[in-house]
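S.K.: sequence plus predicted model, see below.
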Amino acid sequence: MESLRWMLQGERRVGACRTGNTVTPPPPAPSPLRMLVVDDVDIHRSLLSAMLALLFPEATVDEAGDGREAQRKLRERRYDIVLSDWMMPNMDGVALATWLNASDAPPPFVLISAHDECERIAALFSSPGIDGYLIKPHDHTAMKEVVDSVLGAPAPHTA
(Lines give C-alpha, C1' and ligand atoms only; values in the text may rest on other atoms or scores of the structure.)
Protein backbone atom coordinates (compact mmCIF):
# COMPACT_ATOMS: atom_id res chain seq x y z
CA MET A 1 0.00 0.00 0.00
CA GLU A 2 2.89 2.33 0.81
CA SER A 3 4.32 1.97 -2.74
CA LEU A 4 0.93 2.73 -4.27
CA ARG A 5 0.63 5.91 -2.21
CA TRP A 6 3.96 7.36 -3.34
CA MET A 7 3.28 6.45 -6.97
CA LEU A 8 -0.04 8.24 -6.88
CA GLN A 9 1.43 11.28 -5.13
CA GLY A 10 4.25 11.53 -7.64
CA GLU A 11 7.14 10.97 -5.24
CA ARG A 12 10.42 9.73 -6.68
CA ARG A 13 11.89 6.42 -5.58
CA VAL A 14 14.66 4.36 -7.11
CA GLY A 15 13.37 2.34 -10.03
CA ALA A 16 9.98 3.99 -10.15
CA CYS A 17 8.78 7.49 -10.73
CA ARG A 18 5.99 9.39 -12.37
CA THR A 19 6.97 10.98 -15.63
CA GLY A 20 5.31 13.32 -18.04
CA ASN A 21 5.30 10.58 -20.66
CA THR A 22 1.91 9.41 -21.76
CA VAL A 23 0.90 6.61 -24.00
CA THR A 24 -0.39 7.97 -27.27
CA PRO A 25 -3.63 6.25 -28.12
CA PRO A 26 -3.90 4.79 -31.61
CA PRO A 27 -5.65 6.97 -34.15
CA PRO A 28 -9.38 6.36 -34.35
CA ALA A 29 -10.38 3.74 -36.85
CA PRO A 30 -11.78 5.25 -40.02
CA SER A 31 -15.54 5.23 -40.03
CA PRO A 32 -17.05 2.60 -42.28
CA LEU A 33 -18.02 3.65 -45.77
CA ARG A 34 -21.63 4.60 -46.35
CA MET A 35 -22.77 3.69 -49.85
CA LEU A 36 -26.03 4.41 -51.63
CA VAL A 37 -27.19 2.18 -54.49
CA VAL A 38 -29.92 3.63 -56.73
CA ASP A 39 -31.75 1.45 -59.26
CA ASP A 40 -35.40 1.04 -60.15
CA VAL A 41 -35.09 -2.71 -60.79
CA ASP A 42 -35.23 -4.60 -57.49
CA ILE A 43 -33.00 -7.49 -58.56
CA HIS A 44 -30.33 -5.16 -60.00
CA ARG A 45 -30.35 -3.08 -56.82
CA SER A 46 -30.05 -6.21 -54.68
CA LEU A 47 -27.21 -7.61 -56.79
CA LEU A 48 -25.27 -4.33 -56.65
CA SER A 49 -25.75 -4.11 -52.89
CA ALA A 50 -24.65 -7.71 -52.39
CA MET A 51 -21.58 -7.18 -54.56
CA LEU A 52 -20.61 -4.07 -52.61
CA ALA A 53 -21.15 -5.87 -49.30
CA LEU A 54 -18.76 -8.61 -50.42
CA LEU A 55 -16.14 -6.17 -51.69
CA PHE A 56 -16.40 -3.75 -48.76
CA PRO A 57 -17.53 -5.82 -45.76
CA GLU A 58 -17.21 -2.93 -43.30
CA ALA A 59 -19.41 -0.65 -45.43
CA THR A 60 -23.04 0.18 -44.89
CA VAL A 61 -25.02 -0.09 -48.12
CA ASP A 62 -28.39 1.66 -48.40
CA GLU A 63 -30.75 1.44 -51.36
CA ALA A 64 -33.12 3.72 -53.23
CA GLY A 65 -35.56 2.79 -56.01
CA ASP A 66 -35.20 5.99 -58.05
CA GLY A 67 -33.62 9.43 -58.03
CA ARG A 68 -36.36 11.04 -55.95
CA GLU A 69 -36.00 8.47 -53.19
CA ALA A 70 -32.22 8.89 -53.40
CA GLN A 71 -32.63 12.66 -52.93
CA ARG A 72 -34.61 12.05 -49.73
CA LYS A 73 -31.92 9.73 -48.40
CA LEU A 74 -29.12 12.12 -49.39
CA ARG A 75 -30.85 14.96 -47.52
CA GLU A 76 -31.09 12.80 -44.37
CA ARG A 77 -27.63 11.24 -44.34
CA ARG A 78 -24.13 11.74 -45.66
CA TYR A 79 -22.84 9.10 -48.06
CA ASP A 80 -19.27 8.45 -49.14
CA ILE A 81 -20.30 7.28 -52.61
CA VAL A 82 -23.44 6.98 -54.74
CA LEU A 83 -23.81 4.30 -57.42
CA SER A 84 -26.80 4.93 -59.64
CA ASP A 85 -28.44 3.42 -62.67
CA TRP A 86 -28.87 5.83 -65.57
CA MET A 87 -32.41 5.15 -66.81
CA MET A 88 -35.04 5.26 -64.07
CA PRO A 89 -38.54 6.72 -63.71
CA ASN A 90 -39.17 9.95 -61.77
CA MET A 91 -35.53 11.08 -61.88
CA ASP A 92 -32.75 9.42 -63.87
CA GLY A 93 -29.14 8.99 -62.80
CA VAL A 94 -27.82 11.99 -64.76
CA ALA A 95 -30.40 14.32 -63.19
CA LEU A 96 -29.52 12.91 -59.75
CA ALA A 97 -25.80 13.49 -60.40
CA THR A 98 -26.49 17.06 -61.56
CA TRP A 99 -28.61 17.79 -58.49
CA LEU A 100 -26.03 16.26 -56.17
CA ASN A 101 -23.16 18.08 -57.87
CA ALA A 102 -24.79 21.41 -56.99
CA SER A 103 -24.46 20.65 -53.25
CA ASP A 104 -21.61 21.91 -51.09
CA ALA A 105 -19.67 18.66 -50.82
CA PRO A 106 -21.07 16.04 -53.18
CA PRO A 107 -19.87 12.48 -52.71
CA PRO A 108 -18.30 10.63 -55.64
CA PHE A 109 -20.94 9.47 -58.10
CA VAL A 110 -20.76 6.34 -60.28
CA LEU A 111 -23.24 6.04 -63.16
CA ILE A 112 -24.27 2.55 -64.25
CA SER A 113 -25.76 1.76 -67.66
CA ALA A 114 -26.68 -1.24 -69.77
CA HIS A 115 -26.08 0.80 -72.95
CA ASP A 116 -22.69 0.26 -74.51
CA GLU A 117 -22.96 2.40 -77.64
CA CYS A 118 -19.85 4.58 -77.42
CA GLU A 119 -21.25 7.62 -79.20
CA ARG A 120 -24.45 7.61 -77.19
CA ILE A 121 -22.87 7.36 -73.78
CA ALA A 122 -19.49 9.09 -74.17
CA ALA A 123 -20.91 12.54 -73.39
CA LEU A 124 -23.19 11.11 -70.74
CA PHE A 125 -20.33 9.71 -68.67
CA SER A 126 -18.46 13.00 -68.82
CA SER A 127 -21.43 14.97 -67.47
CA PRO A 128 -20.80 17.20 -64.45
CA GLY A 129 -20.97 15.31 -61.18
CA ILE A 130 -20.20 11.89 -62.66
CA ASP A 131 -16.88 10.58 -61.35
CA GLY A 132 -16.98 7.06 -62.73
CA TYR A 133 -19.09 4.63 -64.68
CA LEU A 134 -19.84 0.95 -65.10
CA ILE A 135 -21.41 -0.85 -68.04
CA LYS A 136 -23.79 -3.71 -67.23
CA PRO A 137 -23.04 -6.51 -66.87
CA HIS A 138 -19.92 -5.99 -64.80
CA ASP A 139 -18.00 -8.22 -62.45
CA HIS A 140 -16.51 -7.82 -58.97
CA THR A 141 -13.15 -6.72 -60.37
CA ALA A 142 -14.63 -3.86 -62.41
CA MET A 143 -16.80 -2.76 -59.48
CA LYS A 144 -13.85 -2.74 -57.06
CA GLU A 145 -11.62 -0.83 -59.50
CA VAL A 146 -14.19 1.88 -60.15
CA VAL A 147 -15.16 2.34 -56.50
CA ASP A 148 -11.53 2.43 -55.35
CA SER A 149 -10.70 4.84 -58.15
CA VAL A 150 -13.42 7.38 -57.35
CA LEU A 151 -12.76 7.11 -53.61
CA GLY A 152 -9.08 7.79 -54.23
CA ALA A 153 -7.81 4.43 -53.03
CA PRO A 154 -4.46 3.41 -54.46
CA ALA A 155 -4.59 0.89 -57.27
CA PRO A 156 -3.19 -2.52 -56.35
CA HIS A 157 0.27 -3.32 -57.67
CA THR A 158 0.40 -6.05 -60.25
CA ALA A 159 3.40 -8.25 -60.80
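M.R.: Everything's here; your move. Numbering: from 1, shown residues only.

S.K.: C-alpha only now, for contacts and for neighbours.
M.R.: Noted.

S.K.: next helix or strand past the helix or strand containing Ser49?
M.R.: Counting by DSSP states H and E, the element that carries Ser49 is helix 42-55. Following helix 42-55 in sequence order, the next helix or strand is strand 60-64 (DSSP H and E).

S.K.: packing partners of that next one?
M.R.: strand 34-38, helix 42-55, helix 67-76 (3 or more CA pairs under 8 Å, 6 or more residues apart in numbering; DSSP states H and E).

S.K.: run me through the strand neighbours of that strand, direction for each.
M.R.: Strand pairing for strand 60-64, determined by DSSP bridges: strand 34-38 (parallel).

S.K.: what's the strand it pairs with in contact with?
M.R.: Residues from elsewhere that reach strand 34-38 (CA atoms under 8 Å, 6 or more residues apart in numbering): 45, 48-49, 59-67, 70, 78-85.

S.K.: from those, which would you call buried?
M.R.: Those of the contacts of strand 34-38 that meet the buried threshold are 45, 48-49, 59, 61-67, 70, 79, 81-85, by 16 or more other CA atoms under 10 Å.

S.K.: just put the helices and strands packed on strand 60-64 in CSV and tack on mean pLDDT and distance to Ser127.
M.R.: Output for the helices and strands packed on strand 60-64, formatted as CSV (pLDDT from 0 to 100; distance: least, CA to CA, whole Å):
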stretch, mean pLDDT, distance to Ser127
strand 34-38, 98, 18
helix 42-55, 96, 22
helix 67-76, 97, 16
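
S.K.: among those, which is nearest Gly152?
M.R.: strand 34-38 (14.9 Å; CA to CA).

S.K.: okay, buried residues for that closest one please.
M.R.: Buried, per 16+ other CA under 10 Å, within strand 34-38: 34-38.
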